[in-house]
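*Asks:* Sequence plus the predicted model coming up.
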Amino acid sequence: MQNNTVLIHARQMLTMPDVVEQLRDYDPQGDVEARDEAIAGVVHDAGILIKGGKIAWLGPWAERPKGSDKGGVFETGVVTPGWIDCHTHALFAGERSAEFALRNAGRSYLEILESGGGILNTVDAVRATSRKQLADELGARIFDSVRLGVTTLEVKSGYGLTTDDELKSLRAIADVASDVPCELVACFLGAHAIPREYRERRAAYVDLVCKEMIPKVKESQLANYCDVFCDRGAFDAAEAERILVAGQEHGLIARIHADELSNAGAAMLAARLGAASADHLEHTPDDAILAMSKAGVTGVLMPAVNLFLNTLDHLAPARKLLNAGCEIAVATDFNPGSAMTQDLGLMLTLACTLYKLTPGEALRSVTLGAARALRRDDIGRLRVGTRANLAMFDVPHYRYIPYHFGKSHVEGVIYDGEFVYWTEDEPID
C-alpha cells in the first residue's frame, strides 16, 4: 500500500536524542525510568506526520497539525526509528549445522576454524554458487529482517576470498538492493580469513587484498566500508592495519572485527586509525576502551555469538564502554557459523539480560547507536525533515519489547515514507 501522507498516533514515540549525558551516568538504584526516557527521547501520546517520504511533523498528539488526520490514522503502541542491523554476514550459501553439532559435542569454534573448517566451509559454498543464486537467497532473507522491524541492513562480503568471488558477492548485494524494502549497506570483508590456497603464503594474500581487491572494489563503487577480522586464527594487528589503511587510502571507511577470541590489539588499532566501529570486543582491555572513546569509535556488540558459541564467560564490556563515553550498537552478526539468527528483537533481550543494559539503552543501540557505527546521520533517529524510516510495535510500553522475547511485536514498518510491512489488512483506519 502506498500513501503520500501518513499520520501515526502512538502511546510512546522514541526520537533518540543526539547527545545524552546520562549514558555515562548509570545508577541502578536511581530513577532508571527517567534516565531511560531521556536516553530514548520518549514522547508520550505522540504523533508523526509523514509527507513525501519525510517526517513533516512530530510531537505531542494534541499539537498535531489541523486537518492532518483527514486521511486516516495509524494507531500503534510504540514507534521508534526503523531498526538498523549494522553487522551481518547475510550474503552466504549453504549451512553449517554439522559444526553446530560438533560444538555441542565439545569442539570449539576456534578449533574448527584452525582445522580448516568454519568460515572456509562457507567460502567453498559461495565460490560454487552463482551471483544470481546468491542474490535470490539474500533477497529472501532481507524480507525476514524487514518483518522484524529492520529498515537498514549492513551486509558484508567475505565468503569469496578471491577477487572475482568477492566482487561477485558485492555485485549480488547490489543486484537485490533496488528490489527490497530496506536499505542495504555493503561492506567489503576480503580479509575475513586466510583461504586454504594461501595458508602458507599469508603475506601474498594480504598483498592481494590491498593491491588488487580494494582498488577494484573502489573502482566498481560496490562498497563504502572495509572490514577485517583481526583475531587469533584470522589476521594479526599488523596485517589488519595494512589492509585498513589501504582501504582508507581508497576512500573506504574502516571497520574491524575486534578481540572476539583474544586480545589481538584490534580495538586499539581501531582507535588509532579512527575506524567507524570495533565489533565484538569480548577480550578488549580497559585502555583500548578509553582510546576508542577518545577516537569516537562505536562499539558494536553481538550477544547472539556468546549464546550460540557458549562463550557466556567472556561478554563484551557494554557498561565499561558506556561509562567511558563510547556509543554502542547491538547487532545480530547473522551468519551461518556463529550466529544463525536475524532476530534483532531477541538481541535486545540478550543485551538487557547479559550486558545489563536498560531497555532504553538497548533500543538506542539498534537505532542511533547502530547509525553511528555506520557513520550515518540520516537514519536511526526521528527528526522533522529526515527520512521516514519507522518501526511500530503493538506493545503497552517500550520496555515491553525486550521483556517479552521470542515473539515479534512489530505491527508496521515504514521505509522512506511507505508502508512495507503491516499486520492488518489495511494499515490505516
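*Replies:* Looks like it arrived, so ask away.
*Asks:* Give me the below-cutoff pLDDT ranges for the stretch 1-150 of the chain.
*Replies:* 1-3 (pLDDT under 70).
*Asks:* show me where it has helices.
*Replies:* Using DSSP state H, counting those that start in this stretch, the helices of the stretch 1-150 of the chain run over 32-40, 97-104, 109-114, 119-127, 131-147.
*Asks:* and these as a markdown table, adding mean neighbour count?
*Replies:* C-beta: built from backbone N, CA, C; applies to glycine. Formatted as a markdown table, the helices of the stretch 1-150 of the chain follow (neighbours: other C-beta atoms under 10 Å):
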| stretch | mean neighbour count |
| --- | --- |
| helix 32-40 | 18 |
| helix 97-104 | 13 |
| helix 109-114 | 18 |
| helix 119-127 | 21 |
| helix 131-147 | 17 |
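*Asks:* Could you list which residues are in contact with the nearest residue to G325 once chain neighbours are set aside?
*Replies:* In this structure, G325 finds its nearest non-sequential neighbour in S293, 4.3 Å apart by C-beta to C-beta, 6 or more residues apart in numbering. When contacts are counted by C-beta atoms under 8 Å, 6 or more residues apart in numbering, S293 touches L321, A324, G325, C326.
*Asks:* Figure out which of the helices of the stretch 1-150 of the chain is closest to A351.
*Replies:* Smallest distance to A351 across the helices of the stretch 1-150 of the chain (C-beta to C-beta): 13.5 Å, for helix 32-40.
*Asks:* Report the central residue of this protein.
*Replies:* For the chain, C86 is the residue whose C-alpha lies nearest the centre (C-alpha atoms, centre = their mean; 1.8 Å).
*Asks:* Quick check: chain neighbours aside, which residue is closest to that one?
*Replies:* Distance criterion C-beta to C-beta, 6+ apart; nearest residue to C86, sequence neighbours excluded, is A370 at 4.0 Å.
*Asks:* Which secondary structure element is home to that neighbour?
*Replies:* Assigned by DSSP states H and E, A370 belongs to helix 368-373.
*Asks:* got the CA positions of stretch 98-113 in CSV?
*Replies:* Output in CSV follows, covering the C-alpha atoms of stretch 98-113 (Å, rounded to 0.1, in the frame of the first residue of the first chain):
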residue,chain,number,x,y,z
ALA,A,98,27.2,-30.0,11.3
GLU,A,99,29.5,-27.6,13.1
PHE,A,100,26.7,-26.7,15.5
ALA,A,101,26.6,-30.4,16.4
LEU,A,102,30.4,-30.6,16.7
ARG,A,103,30.5,-27.6,19.1
ASN,A,104,27.8,-29.2,21.2
ALA,A,105,30.0,-32.3,21.4
GLY,A,106,32.9,-30.3,22.7
ARG,A,107,34.8,-28.8,19.8
SER,A,108,35.4,-25.1,20.0
TYR,A,109,34.7,-22.5,17.2
LEU,A,110,38.4,-21.8,17.1
GLU,A,111,39.4,-25.4,16.8
ILE,A,112,37.0,-25.9,13.9
LEU,A,113,38.4,-22.7,12.2
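*Asks:* List of residues touching that stretch?
*Replies:* Everything outside stretch 98-113 that qualifies as a contact, by C-beta under 8 Å, 6+ apart, is 117-121, 193, 232-234, 261, 309-310, 337-338, 340.
*Asks:* and those residues, which are buried?
*Replies:* 117-121, 193, 232-234, 261, 309, 337-338, 340 (16 or more other C-beta atoms under 10 Å).
*Asks:* Switch those residues over to CSV; also include distance to R242.
*Replies:* What follows is the buried ones among the contacts of stretch 98-113, written out as CSV (distance: C-beta to C-beta, whole Å):
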residue, distance to R242
G117, 27
G118, 23
I119, 20
L120, 22
N121, 27
A193, 16
R232, 18
G233, 18
A234, 14
L261, 21
L309, 28
G337, 26
S338, 26
M340, 32
